[in-house]
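Participant: How does the following fold in three dimensions:
(chains A and B)
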Number of protein chains: 2
Amino acid sequence: MLIVGERINTSRKEIDRAVEERDAAFIRDEARRQVEAGAQVLDVNAGSRVGSELKDLTWLIDVIQDSVSVRLSLDSATPSCLLEAMGRIKQLPMINSTTAERSRFEQMVPVIEEQACEVVALCVDDRGLPGHVHQVLENGEKLVRDLESLGVPRERIYLDPVLRAVSTDSEAGLKALEAIRRIHGSFQGVRTLCGLSNISYALPQRSLLNRTFLALAMEAGLSACLLDPLDTRLMGTWRAATLFMGRDAYCLEYIRAYREGKLPE
Amino acid sequence: MLIVGERINTSRKEIDRAVEERDAAFIRDEARRQVEAGAQVLDVNAGSRVGSELKDLTWLIDVIQDSVSVRLSLDSATPSCLLEAMGRIKQLPMINSTTAERSRFEQMVPVIEEQACEVVALCVDDRGLPGHVHQVLENGEKLVRDLESLGVPRERIYLDPVLRAVSTDSEAGLKALEAIRRIHGSFQGVRTLCGLSNISYALPQRSLLNRTFLALAMEAGLSACLLDPLDTRLMGTWRAATLFMGRDAYCLEYIRAYREGKLPE
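Facilitator: A predicted model of the protein is given here:
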């Protein structure tokens, strides 16, 4: 499963400060530490910087690419920002995100047509957040069809089933796992991605909930996850679950992580 | 999922010492702490006390029942010990265990016929530990048939798929999960039980592996698990996974555990 590091987001105070002061060393360090911890893609989000989002986003992209050689996920609610910024990304960009909302999807068309990219597509339409698995599937079907008609191959589509918090719906975990399973069963080749921390919103000990859900989602087939790679217990769970999924022959990666001091008790 | 506390086992040095010295206070404390941590059944095993197993087992049963009001799992490889000791158990005893090995099963018949009990049945036959899921299922089918013919109702049968260590077979985790799913799919009403720690044998950070596998096994439908309830992180995972399985309405149990200081970070 692909780890997408979520930390470079200006909604976090220390990132906002670093962007404001153009503290490149701080951003480089955030990038480097996430990659060392296991992130294969870094999400970049300057959406909270109203008025300067594009300038800040391009500065962040340049600083990060100067520090690490890793893929980037460009995370913005503003299609024009995505369109302007995506050309600076050296490796195949991940565009985060479109939805099945009519106007939102239409605004994203020029971005998706601009260049080869991976597309994160939230299974949300104009009816709002899906409360049932069948709605996730309906939205997913529409997104796959529309993205394919724009020339995006299935293996570059990441459907996000949009996790609801288990604090607002006791069945949210079960529904999310079923949605992941059914997306993979229904749309051969399409990938899935979740923003992990939504599931634990408004509950105590969120890291415990996040890591437990991560293992379950991996077993359900989750392809990629937006998370904090500096959460050592979470990444330990990722390594343990990778082992249990039969994807770590002879436990070599697990034992190497242990020797590098990366596994928690 | 039923938590079976594994700690009162004379193969653990401190328990052996307490049994040797008839230190009832120590045993009572072990019993009480496991129950407070969430154990619903306590396993009692004096198998390492060769020559005095029966005497030690009956002493343990009396001391534990004097301390806590909880069900007991009588754990012995010696059918005569099980037969003699089970009558002392006040609540419905869990008998751990029989197997599908011909002579072992025959020796267990008088125990199973003695009185109403739950039976843990290891899916092992005379060919040895099953290396494939279909062998687990074959052994399980034979055990269910033979136990039912002795009058044991399905809901009192706990099939143990016999976890192999992931260190000896990279697919052991996947196979165990599939075995649990297929037992529940094939033998309606029958329960499953695992001894959790086998999965992590010979690897570092065993608690990390145990708790990650516990979440996966719960999602696969595991009915009961033999484990150390004093492992706070493991029990935190149990509570989090219970929540994600939709079995904790309004997160009440999770939040109560948090308030009682039982949830790790």
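Participant: Now do the same contact list for the closest residue to chain B within the stretch 1-150 of chain A.
Facilitator: Among the residues of the stretch 1-150 of chain A, A:Val133 lies nearest to chain B; the distance is 12.9 Å by Cβ to the nearest Cβ. For the C-beta atoms, the positions are set from N, CA and C on the backbone; glycine is no exception. Neighbouring residues of A:Val133 by Cβ atoms under 8 Å, 6 or more residues apart in numbering or on different chains: A:175, A:178-179, A:182.
Participant: Please report which of those has the highest neighbour count.
Facilitator: Most neighbours among these, by other Cβ atoms under 10 Å in any protein chain shown: A:Ala179, with 27 neighbours.
Participant: how far away is the residue nearest to that one when sequence neighbours are not counted from A:Asn198?
Facilitator: Once flanking residues are discounted, A:Ala179 sits nearest to A:Pro161: 3.8 Å by Cβ to Cβ, 6 or more residues apart in numbering or on different chains. Look at A:Pro161 and A:Asn198: by Cβ to Cβ, to the nearest Å, they are 10 Å apart.
Participant: go on, A:Arg88?
Facilitator: According to Cβ to Cβ, A:Arg88 stands 29 Å off from A:Asn198.
Participant: Please say which of these two ends up with more neighbours.
Facilitator: Between A:Arg88 and A:Asn198, counted using other Cβ under 10 Å, the more crowded position is A:Asn198 (18 against 14).
Participant: residues from chain A in reach of chain B?
Facilitator: A:166-167, A:170-171, A:173-174, A:177, A:199, A:203-205, A:207-209, A:212-213, A:215-216, A:219, A:233, A:236-237, A:240-241, A:243-246, A:248-251, A:254-255, A:258, A:263-265 (Cβ under 8 Å from any Cβ of the partner chain).
Participant: among these, which are in helices?
Facilitator: Of the residues of chain A next to chain B, the ones assigned to helices by DSSP state H are A:173-174, A:177, A:207-209, A:212-213, A:215-216, A:219, A:233, A:236-237, A:240-241, A:243-244, A:254-255, A:258.
Participant: quick one, what contacts the residue lying closest to A:Gly236 once chain neighbours are set aside?
Facilitator: Take A:Gly236 and drop its neighbours on the chain: the residue closest to it by Cβ to Cβ, 6+ apart is A:Pro264, 4.5 Å away. Neighbouring residues of A:Pro264 by Cβ under 8 Å, 6+ apart: A:232-233, A:236, B:205, B:208.
Participant: go on, A:Arg154?
Facilitator: Applying Cβ under 8 Å, 6+ apart, we find A:Arg154 in contact with A:144, A:148, A:187-190.
Participant: Name the residue closest to the centre of chain A, please.
Facilitator: A:Leu226 (3.4 Å; Cα atoms, centre = their mean).
Participant: So that residue belongs to a strand, correct?
Facilitator: Yes: under DSSP: H, G, I helix; E, B strand; the rest coil, A:Leu226 falls within a strand.
Participant: That one bridge partners, please.
Facilitator: Following DSSP bridges, A:Leu226 is listed with bridge partners A:Val4, A:Gly195.
Participant: Run a quick neighbour tally on the residue in the stretch 51-200 of chain A positioned nearest to chain B.
Facilitator: Closest residue of the stretch 51-200 of chain A to chain B, Cβ to the nearest Cβ: A:Gly173 (3.2 Å). Residues within reach of A:Gly173, counting by other Cβ under 10 Å, total 27.
Participant: same deal with A:Ala257?
Facilitator: A:Ala257 has 23 nearby residues by other Cβ under 10 Å.
Participant: State the distance from it to A:Cys251.
Facilitator: Counting by Cβ to Cβ, the gap from A:Ala257 to A:Cys251 is 10 Å.
Participant: for A:Asn139, same thing?
Facilitator: Per Cβ to Cβ, A:Asn139 is found 39 Å from A:Cys251.
Participant: These two - which one has more neighbours?
Facilitator: Using other Cβ under 10 Å, the more surrounded residue of A:Asn139 and A:Cys251 is A:Asn139, with 24 against 21.
Participant: So for stretch A:179-197, mean pLDDT?
Facilitator: Here stretch A:179-197 scores 97 as its mean pLDDT.
Participant: hey, C-alpha coordinates of it in CSV?
Facilitator: The C-alpha trace of stretch A:179-197 is given here as CSV (Å, rounded to 0.1, in the frame of the first residue of the first chain):
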residue,chain,number,x,y,z
ALA,A,179,-16.9,0.3,0.1
ILE,A,180,-13.2,-0.4,-0.4
ARG,A,181,-13.9,-4.1,-1.1
ARG,A,182,-16.7,-3.4,-3.5
ILE,A,183,-14.8,-0.7,-5.4
HIS,A,184,-12.0,-3.2,-6.1
GLY,A,185,-14.6,-5.9,-6.9
SER,A,186,-16.6,-3.7,-9.3
PHE,A,187,-13.9,-1.6,-11.1
GLN,A,188,-11.0,-3.8,-12.1
GLY,A,189,-7.8,-1.8,-12.1
VAL,A,190,-9.1,1.2,-10.2
ARG,A,191,-7.2,2.1,-7.0
THR,A,192,-8.5,3.3,-3.7
LEU,A,193,-7.3,6.0,-1.3
CYS,A,194,-8.4,7.2,2.1
GLY,A,195,-7.6,10.2,4.2
LEU,A,196,-7.1,8.1,7.4
SER,A,197,-7.7,10.6,10.2
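Participant: Can you tell me what sits against the helix or strand A:Glu36 falls within?
Facilitator: Counting by DSSP states H and E, the element that carries A:Glu36 is helix A:24-37. Here helix A:24-37 makes contact (Cβ under 8 Å, 6+ apart) with A:5, A:7-8, A:14-15, A:18-19, A:42, A:60, A:63-64, A:66-68, A:70, A:229-230, A:235, A:262.
Participant: buried subset of these?
Facilitator: With burial judged by 16 or more other Cβ atoms under 10 Å in any protein chain shown, the buried subset of those is A:5, A:7-8, A:15, A:18-19, A:42, A:60, A:63-64, A:67-68, A:70, A:229-230, A:235, A:262.
Participant: Please narrow those to those residing in strands.
Facilitator: Cross-referencing these against strands under DSSP state E gives A:5, A:7-8, A:42.
Participant: remind me, longest helix of chain A?
Facilitator: Longest helix of chain A, by residue count under DSSP H: helix A:133-149.
Participant: Next SSE downstream of it?
Facilitator: Sequence-wise, the next helix or strand downstream of helix A:133-149 (DSSP H and E) is strand A:157-160.
Participant: Just list what that next one packs against, helices and strands only.
Facilitator: strand A:118-122, helix A:133-149, strand A:191-195 (3 or more Cβ pairs under 8 Å, 6 or more residues apart in numbering or on different chains; DSSP states H and E).
Participant: Export these to JSON lines and append columns for distance to B:Ser97.
Facilitator: Output for the helices and strands packed on strand A:157-160, formatted as JSON lines (distance: least, Cβ to Cβ, whole Å):
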{"stretch": "strand A:118-122", "distance to B:Ser97": "49"}
{"stretch": "helix A:133-149", "distance to B:Ser97": "39"}
{"stretch": "strand A:191-195", "distance to B:Ser97": "40"}
